[in-house]
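[1] Next input, structure requested:
(2 chains)
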Amino acid sequence: NAGVTQTPKFRILKIGQSMTLQCTQDMNHNYMYWYRQDPGMGLKLIYYSVGAGITDKGEVPNGYNVSRSTTEDFPLRLELAAPSQTSVYFCASSLGAGELFFGEGSRLTVL
Amino acid sequence: DQQVKQNSPSLSVQEGRISILNCDYTNSMFDYFLWYKKYPAEGPTFLISISSIKDKNEDGRFTVFLNKSAKHLSLHIVPSQPGDSAVYFCAASPILGGSNYKLTFGKGTLLTVNP
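    Numbers count the residues shown, from 1 in each chain, chains lettered A, B, ... in the order given. Next up, the predicted model:
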């Protein structure tokens, strides 16, 4: 059982480049989330989805976009990378209230 | 404005002793609380939770206590083991309004258990 799978695990981007962080889950969870964690900080919610076709902004959505065309996949798009987006990104899923299942994280550096 | 605060960035305890990790919250709408554990280069994993209708929840060596009047919760680990060394995140969620799936996290506390 793979759980939540994120790719890539590491990526270096130049300022202004674009990229997509992929996230897929095999637990048939309706809810999916993208968090970022900066050094010494907690996890901050970027975007979330309560089901296929439904997404909404979290606490720090600027500079990101998401889509949810299937239950399994929830990609996060960075359109114009900026140094402030250097962070570790975590995708998570849940059945609803409470326990989130996290992926292993994607470490992104923007130079 | 931090709604979930973990004021101790780090904690060091001896193996076999009790570890107590603390968490304070400011939002009165929070009524569901969780603790996550995170090892380096891994995603957080769920540890234990508590609803506001309880003041204590126990799971093996882990117990979470909730003091609603003080807006304070704590995680007790007894006895502590070296494998418990990790960053522990406190998280909170409001149940009302269907927002119960959006967690607010604290900054985390690094627990080191020394053999």
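[2] quick one: contacts for the closest residue to chain A within chain B?
    Taking CB to the nearest CB, chain A has its nearest neighbour within chain B at residue B:43, 3.2 Å off. Just so you know, the C-beta spots here come from the backbone N, C-alpha and C atoms, and that holds for glycine as well. With CB atoms under 8 Å, 6 or more residues apart in numbering or on different chains as the criterion, the residues that contact residue B:43 are A:4, A:90, A:92, A:102-105.
[3] Which strand or helix spans the residue nearest to residue A:77 when sequence neighbours are not counted?
    For residue A:77, ignoring the flanking residues on the chain, the nearest one in space by CB to CB, 6 or more residues apart in numbering or on different chains is residue A:65 at 4.4 Å. With secondary structure defined by DSSP states H and E, residue A:65 is part of strand A:64-66.
[4] Just the buried residues of the helix or strand just after that strand, please?
    Taking DSSP H and E as the definition, the helix or strand that follows strand A:64-66 towards the C-terminus is strand A:76-78. Buried residues in strand A:76-78, defined by neighbour count with 16 or more other CB atoms under 10 Å in any protein chain shown: A:76, A:78.
[5] how deep is the nearest residue to residue B:17 once chain neighbours are set aside tucked in, by neighbour count?
    In space, not counting the residues next to it along the chain, residue B:17 is nearest to residue B:80; the distance is 5.7 Å by CB to CB, 6+ apart. As a burial measure, the neighbour count of residue B:80 was computed by other CB atoms under 10 Å in any protein chain shown and equals 23.
[6] In which helix or strand does residue B:80 reside?
    Per DSSP H and E: nothing holds residue B:80, as it lies in no helix or strand.
[7] Skip the chain neighbours and tell me the closest residue to residue 8.
    By default, I'm working from chain A. Counting by CB to CB, 6+ apart, residue A:106 is the residue found nearest to residue A:8 once chain neighbours are left out, at 6.1 Å.
[8] Let me rephrase: I mean chain B.
    Here the nearest residue to residue B:8 in space, its sequence neighbours aside, is residue B:109; by CB to CB, 6+ apart that works out to 5.2 Å.
[9] Before I go, just wanted to say thanks for your time.
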